[in-house]
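the sequence and its predicted three-dimensional model are supplied below.
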Amino acid sequence: MDFTVNDLLIVIENLAPCFPQEYEIVQLYERKYKENVERLVLPFLDNKRDIIQDPGFLIILVSWLDRYEDVLGKIGVKEKDYLNLKIVIFDFLGVG
């Protein structure tokens, strides 16, 4: 998680000032990081048999996403809503 936050801080502090505000560089990076997190996590949800055998993984994943969103919020990142991903996870857990 730290590497992502550090990367976003570099974008916010060093890269964004090099571009006109209408380019929305920070928002672009925020969106891309969100897409990347979802791209990395969703394949783990493809194997329902493994998930049923180890549902603790999903609980850890939701907990990590909550912490990650909190950290992103503290550095001012706006694109931190992982609700769609959480809905998929809660469906597997039978919650929702």
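Ah, there it is. Numbers count the residues shown, from 1 in each chain.

elements contacting the host helix or strand of residue 70?
Assigned by DSSP states H and E, residue 70 belongs to helix 56-74. Counting by 3 or more CB pairs under 8 Å, 6 or more residues apart in numbering; DSSP states H and E, the packing neighbours recorded for helix 56-74 are helix 2-10, helix 25-41, helix 83-93. Quick note: C-beta positions are derived from backbone N, CA and C, even for glycine.

how far off helix 25-41 does that helix point, in degrees?
Put simply, helix 56-74 runs at 170 degrees to helix 25-41, going by axes from the mean of the first three to the mean of the last three CA atoms, to 10 degrees.

so who does residue 39 touch?
By CB atoms under 8 Å, 6 or more residues apart in numbering, the contact list for residue 39 is empty.

just to revisit the earlier point, the helix holding residue 70 vs helix 83-93, what angle?
Using the same axes, to 10 degrees: helix 56-74 against helix 83-93 is 160 degrees.

got the buried residues for helix 56-74?
58, 61, 62, 65, 68, 69, 71, 72 (16 or more other CB atoms under 10 Å).

try stretch 37-47
Neighbour-count burial for stretch 37-47 [16+ other CB under 10 Å]: 37, 41, 45.

please apply the same query to stretch 49-56.
So, applying 16+ other CB under 10 Å, buried residues of stretch 49-56: residue 51.

give me the distance from that stretch to the chain's centre.
Centroid separation for stretch 49-56 versus its chain: 22 Å, with CA atoms, centre = their mean, to the nearest Å.

next: stretch 13-28.
Using CA atoms, centre = their mean, the offset of stretch 13-28 from its chain centre is 20 Å.

what do you get for stretch 86-96?
16 Å.

that one - what's its average pLDDT?
For stretch 86-96, mean pLDDT is 74.

buried sites along it?
86, 89, 92.

could I get those as JSON lines with distance to residue 22?
Conversion of these to JSON lines gives the following (distance: CB to CB, whole Å):
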{"residue": "86", "distance to residue 22": "32"}
{"residue": "89", "distance to residue 22": "36"}
{"residue": "92", "distance to residue 22": "41"}
